[in-house]
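1. Quick one, what's the 3D model for this:
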Amino acid sequence: QVQLVESGGGLVQAGGSLRLSCAASGRTLISYYMGWFRQAPGTEREFVAAVSWSGTSTYYTDSVKGRFTISRDNAKNMMYLQMDSLKPEDTAIYYCAARRGGLRVGPSEYDYWGQGTQVTVSS
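-> Predicted coordinates:
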């Protein structure tokens with residue numbers, strides 16, 4: 001079993017920055033892709049970014065390219081999402097997730113989930 005816990009959410013003005021963290025425990029995430037998803041009220045959970053086990057491969061949804069950066073530190077069992085130039089439309093609950101195997105962008109493809117952290121961007 002894998003336990004994931006997010007932190008770092010909060011309230012920020014448009015144009016500001018936040019750094020989300022995801023702490024993993026329970027087992028070593030060798031060969032696991034990890035990703036960030038978000039869900040705004042009344043919408044489906046959507047893919048934001050993913051990173052490979054080695055950290056060398058990353059993938060972003062178009063709306064966050066150039067503004068968000070995903071990374072991971074396997075020695076610490078941590079994953080991060082640096083969010084810059086935030087916009088009001090980035091407001092959502094952000095979830096970290098993990099899956100064994102290759103890159104996938106569908107929420108149903110991920111095996112483990114955190115409880116989420118709220119990000120609110122004011123205009």
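2. where's the residue nearest in space to the middle of the chain relative to Gly55, distance?
-> Closest to where the C-alpha atoms of the chain average out (Cα atoms, centre = their mean) is Trp36, at 2.2 Å. Between Trp36 and Gly55 the distance is 14 Å, computed by Cβ to Cβ, to the nearest Å. For the C-beta atoms, the positions are set from N, CA and C on the backbone; glycine is no exception.
3. got it, and Val5?
-> Relative to Gly55, Val5 is positioned 20 Å away (criterion: Cβ to Cβ).
4. same check, this time on Gly106
-> Summarising the geometry, the distance separating Gly106 from Gly55, computed by Cβ to Cβ, is 22 Å.
5. Then Ala75?
-> Counting by Cβ to Cβ, the separation of Ala75 from Gly55 is 11 Å.
6. Which one of those two is surrounded by more residues?
-> Gly55 (14 against 6; other Cβ atoms under 10 Å).
7. Could you find the closest non-adjacent residue to that one?
-> Using Cβ to Cβ, 6 or more residues apart in numbering and skipping the chain neighbours, the partner closest in space to Gly55 is Arg72 (5.2 Å).
8. Show me what that neighbour bridges to in the sheet.
-> When bridges are called by DSSP bridges, Arg72 pairs up with Met79.
9. Could you list which residues are in contact with it?
-> By Cβ atoms under 8 Å, 6 or more residues apart in numbering, the contact list for Arg72 reads Met34, Val51, Gly55, Met78, Met79, Tyr80.
10. 10 Å instead, please
-> Residues in contact with Arg72, defined by Cβ atoms under 10 Å, 6 or more residues apart in numbering, are 22, 24, 29, 32-34, 51-55, 58, 78-80.
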